[in-house]
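Novice: Would you be able to build a 3D model of this:
(chains A and B)
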Amino acid sequence: MSTMYILWLRQVKKYFRTPSRIIGSLGQPLLFLLVFGFGFASIYQKAGQGDYIQFLAPGIIMMSVLFTAVFSGIDLIWDRQFGFLKETMVAPVPRWQIMLGKTLGGATVASFQGIIVFVMSLIIGFKIDSLLMLPVAALFVFLVALLFTALGIAIASMLEDMQGFQLIMNFLVMPIFFLSGSLFPLQGLPQALAVITRLDPLTYGIDGLRQSLIGAGTFGLPLDLLVVVVIASILLGVGSYLFERIQA
Amino acid sequence: MNLSRRNGNIISVSGLTKKFKDFVAVDNISFDVREGEIFAFLGPNGAGKSTTIKMLTTLLRPTNGKLMINGNDPVRNKDAVRKSFGIVFQDPSLDSDLTALENMQYHAVLFKVPKDVREKRIEELLRFVELWERRNDMVKTFSGGMKRRLEVARGLLHRPRIMFLDEPTLGLDPQTRNHIWSYLKDICEKENMTVFFTTHYMAEAEKVADRLAIIDHGKIVAIGSSAELENQTHTDSLEEAFIAITGTTIREEQANGTDRMRSIQRMWRRR
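Specialist: Predicted structure coming up:
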């Protein structure tokens, strides 16, 4: 327990110590909320879909969770480059505890980032359906954060340095975001796109968040929850396995 | 008690080999280190010193050979071995975005230093390395020498039976160097701690080590106390003995690419 706690603590401390990073990473979601939110509002309204901000906000909240989570997993590469990983690797504690502590720390940070974006969208005009569902929404945020931090750590365990970072950004993280139904509704999509969106785990995370915040989802909460939990567990397993194999 | 401990050897190595693809970094080496002694691995850069330390400290899996650290096999029984040693790596391994105190606390938890003695021991060690006043400063504001001292303090925090030091005094001024060595010697005597260190400084090996092994091109070419090596080669100093044994002096200029990168990295960090 104490091992996981100290790894968690390290991650959280470092996050709150760099306010510039927190504020910096709010720029993108704010831009998306304002530009897309108000830019597409009238078209969305004319198509008979209602208020676009209502639809968009859960997607943007999850976007910032996704990015923050993947980054806090990937910063394992920095630990390796700056030598700190070696210190952790000679510790007489099971590797999975290190991996899990780090993942929980990253997930906490990413969830917090999601909460800030949530508050930001409330200010812009986002209205939630019921306060009672907020804990469910928080659960989805945390699970998605956990899932993608584990993914980040799994990737970082296989990379030697930051060279492959751009590749992961453009061919993995951005597609996960764009193909998740964060920006557009999942109904009435071309067949191919419909299939791809349903293979994206973030789709279910966003759907669950949308269901719990504005009461309008596609798959229903049980399926959303199931998919997110299963994928998160798998990635935690894979991440632990790959982390275990790291040689300093 | 197992055999290697009974006859007083805390480290025993036989036939240790490490190959990286076709390159043999460590070539069939065997040696023993007695409990409580200060043992040096002396050799030029790229001789296989760090690779050996990595294998002894569970960070690298040997290609071949038998290892015993404090009665445990570092390949099969990693955690038991990890509990028994402290290490100062050749390259910095601190989290520079945490304070000195936080780096110590992190280590204390990971190495299971009992809660009731944790704070006291951290203070004691930080005072010794003269960093107590700076304990709440971020490590990134520290000089190279201060970081090194902090790493030594951290390595001693869990009272290891063996202390591994990989080129520990690189980049330290002579005063700090002496200070650290006298403290380490003191602990060795009081607590029967063993020190295993690598160096390419002759003077350091001669002055500090009870016994030393000369390693060159992955092989141990001589082993014994500095006086023994001088006797064997009929020379008057370790430096001459080294030349008689290896045929060369320690060659800084033949350092490999990694070492060159390291020294450049160090230069940049120390700006």
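Novice: element containing residue A:79, please.
Specialist: Counting by DSSP states H and E, the element that carries residue A:79 is helix A:76-81.
Novice: how about the residues of chain A that lie near chain B?
Specialist: For chain A, the residues in contact with chain B (C-beta under 8 Å from any C-beta of the partner chain) are A:2-3, A:5-6, A:10, A:13-14, A:17, A:79, A:82-84, A:86-94, A:247-248. (C-beta placed from N, C-alpha, C; glycine too.)
Novice: Next, count neighbours for the residue nearest to residue A:244 when sequence neighbours are not counted.
Specialist: Closest residue in space to residue A:244, ignoring its immediate chain neighbours: residue A:95 at 4.5 Å, by C-beta to C-beta, 6 or more residues apart in numbering or on different chains. As a burial measure, residue A:95 scores 17 neighbours (other C-beta atoms under 10 Å in any protein chain shown).
Novice: can you pull the contacts of residue A:95?
Specialist: Residues in contact with residue A:95, defined by C-beta atoms under 8 Å, 6 or more residues apart in numbering or on different chains, are A:240, A:243, A:244.
Novice: Then residue B:198?
Specialist: Contact partners of residue B:198, counting by C-beta under 8 Å, 6+ apart, are B:40, B:41, B:42, B:43, B:49, B:50, B:52, B:53, B:90, B:165, B:166, B:167.
Novice: Out of these, which sit inside strands?
Specialist: Judged by DSSP state E, those include B:40, B:41, B:42, B:165, B:166 as members of strands.
Novice: Bridged to the nearest residue to the second one once chain neighbours are set aside, which residues?
Specialist: Leaving out its chain neighbours, the residue that sits closest to residue B:41 by C-beta to C-beta, 6+ apart is residue B:198, at 4.2 Å. Beta bridges link residue B:198 to residue B:41, residue B:166 when assigned by DSSP bridges.
Novice: Tell me, what's the model's pLDDT at residue B:198?
Specialist: With respect to pLDDT, residue B:198 scores 93.
Novice: distance of it from chain A?
Specialist: Using C-beta to the nearest C-beta, to the nearest Å, residue B:198 is found at 15 Å from chain A.
Novice: just to revisit the earlier point, pull up the gap between the residue nearest to residue A:244 and residue A:241, please.
Specialist: Counting by C-beta to C-beta, to the nearest Å, the separation of residue A:95 from residue A:241 is 9 Å.
Novice: centroid residue for chain B?
Specialist: residue B:165 (1.7 Å; C-alpha atoms, centre = their mean).
Novice: With adjacent residues omitted, what lies nearest to that one?
Specialist: Using C-beta to C-beta, 6+ apart and skipping residues adjacent in sequence, the residue nearest residue B:165 is residue B:197, 3.9 Å away.
Novice: Identify the residues contacting that neighbour.
Specialist: Here residue B:197 is in contact with B:38, B:39, B:40, B:41, B:163, B:164, B:165, B:166, B:167, B:168, B:208, B:209 (criterion: C-beta under 8 Å, 6+ apart).
Novice: chain center to the longest helix seen in chain B, what's the gap?
Specialist: Ranked by residue count, the top helix of chain B under DSSP state H comes out as helix B:174-191. Mean-position distance between helix B:174-191 and its chain equals 14 Å (C-alpha atoms, centre = their mean, to the nearest Å).
Novice: Can you tell me which helices and strands it packs against?
Specialist: Under the contact definition 3 or more C-beta pairs under 8 Å, 6 or more residues apart in numbering or on different chains; DSSP states H and E, helix B:174-191 sits against strand B:38-42, helix B:144-156, strand B:194-199, helix B:202-208.
Novice: and the closest residue to chain A within the stretch 151-271 of chain B, how many neighbours?
Specialist: Nearest residue of the stretch 151-271 of chain B to chain A (C-beta to the nearest C-beta) works out as residue B:154 at 7.9 Å. Residues lying near residue B:154 (other C-beta under 10 Å) number 26.
Novice: Which element is encountered next along the chain beyond the lowest-mean-pLDDT helix or strand in chain B?
Specialist: Each helix and strand of chain B was given a mean pLDDT (mean pLDDT, DSSP states H and E); the minimum falls on helix B:3-6 at a mean of 44. Using DSSP H and E, the next helix or strand after helix B:3-6 towards the C-terminus is strand B:9-20.
Novice: Just give me how far that following strand sits from the chain centre.
Specialist: 15 Å.
Novice: Between strand B:194-199 and that strand, find me the angle.
Specialist: 40 degrees (axes from the mean of the first three to the mean of the last three C-alpha atoms, to 10 degrees).
Novice: touching chain A at all, strand B:9-20?
Specialist: No - judged by C-beta under 8 Å from any C-beta, strand B:9-20 and chain A are separated, with a smallest distance of 11.3 Å.
Novice: so what's residue B:129 scoring on pLDDT?
Specialist: For residue B:129, pLDDT reads 88.
Novice: Find the least confident helix or strand in chain A, judged by mean pLDDT.
Specialist: Across the helices and strands of chain A, mean confidence by mean pLDDT, DSSP H and E is lowest for helix A:165-168: a mean of 83.
Novice: Which strands or helices does whichever helix or strand comes after it pack on?
Specialist: Of the helices and strands lying after helix A:165-168 in sequence (DSSP H and E), the nearest is helix A:174-178. If you count contacts as 3+ C-beta pairs under 8 Å, 6+ apart, helix A:174-178 packs onto helix A:52-74, helix A:201-214.
Novice: Dump those into JSON lines; add mean pLDDT and mean neighbour count as well.
Specialist: Compiled in JSON lines, the helices and strands packed on helix A:174-178 are given as follows (pLDDT from 0 to 100; neighbours: other C-beta atoms under 10 Å in any protein chain shown):
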{"stretch": "helix A:52-74", "mean pLDDT": "94", "mean neighbour count": "26"}
{"stretch": "helix A:201-214", "mean pLDDT": "96", "mean neighbour count": "26"}
